[in-house]
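**Q** sequence unavailable; structure follows:
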């Protein structure tokens with residue numbers, strides 16, 4: 001069973017059909033919507049500020065979601081995939097975003113809807129990522145515009161896949 005821990009009087013809250021792997025950790029002021037999944041060794045740590053996630057958010061293996069005390073909360077929209085070993089810290093991620101494996105998003109960055117943050121990219125503090133775009137590199141820069149409908153379909157497919165994967169594990173537990 002996942003480690004779900006209250007801290008400073010705040011207990012994580014989950015919407016319907018949440019899946020948390022056995023060694024996921026969720027702490028403190030965390031609110032997650034419906035169909036969210038938190039995978040193996042992922043940490044969602046709302047001990048110093050709030051973390052709010054929409055529906056169909058998947059926090060993949062080894063990813064970390066955190067924030068900054070009294071300065072930067074974390075908000076994640078709907079249909080967002082946070083890739084393996086990515087780090088999301090004190091930022092805003094709008095709807096339909098794919099954060100690639102090993103990417104880092106720093107405090108007060110805003111990631112526009114229908115965007116992709118490439119694997120290994122580092123989005124610096126206060127960066128505003130344009131909607132319908134791909135950002136890559138260190139520091140992350142815009143490398144390409146995306147067709148909004150195609151991007152949305154690709155990103156939603158990934159989010160939907162993680163809901164499906166969670167059902168495989170839920171079936172095993174019955």
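**A** Arrived safely. Since we're looking at a predicted model, the values are computed, not measured.
**Q** how far is the longest strand along the chain from where the chain is centred?
**A** Ranked by residue count and defined by DSSP state E, the top strand of the chain is strand 43-53. Strand 43-53 sits 11 Å away from the centroid of its parent chain (Cα atoms, centre = their mean, to the nearest Å).
**Q** quick one: strands adjacent to the very next helix or strand once past it?
**A** Counting by DSSP states H and E, the element after strand 43-53 in chain order, helix or strand, is strand 57-59. When pairing is defined by DSSP bridges, strand 57-59 lines up against strand 37-38 (parallel), strand 80-82 (parallel).
**Q** the first one: how far from the chain's middle?
**A** For strand 37-38, the distance from its own C-alpha centre to the chain's C-alpha centre is 9 Å (Cα atoms, centre = their mean).
**Q** any chance of the strands paired with strand 57-59 in JSON lines, plus mean pLDDT?
**A** As requested, the strands paired with strand 57-59 are exported to JSON lines (pLDDT from 0 to 100):
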{"stretch": "strand 37-38", "mean pLDDT": "98"}
{"stretch": "strand 80-82", "mean pLDDT": "98"}
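**Q** follow-up on the earlier one: now do the longest strand of the chain: which elements does it pack against?
**A** With contacts taken as 3 or more Cβ pairs under 8 Å, 6 or more residues apart in numbering; DSSP states H and E, strand 43-53 sits against strand 25-32, strand 64-66, strand 74-76. (Each C-beta comes from the backbone N, C-alpha and C, glycine too.)
**Q** contacts for the last one, please.
**A** Residues outside strand 74-76 that contact it (Cβ atoms under 8 Å, 6 or more residues apart in numbering) are 49-54, 57, 65-67, 82, 88-93.
**Q** for residue 4, find the nearest of the helices and strands packed on strand 43-53.
**A** Minimum separation from residue 4 across those (Cβ to Cβ) falls at strand 25-32, 5.2 Å.
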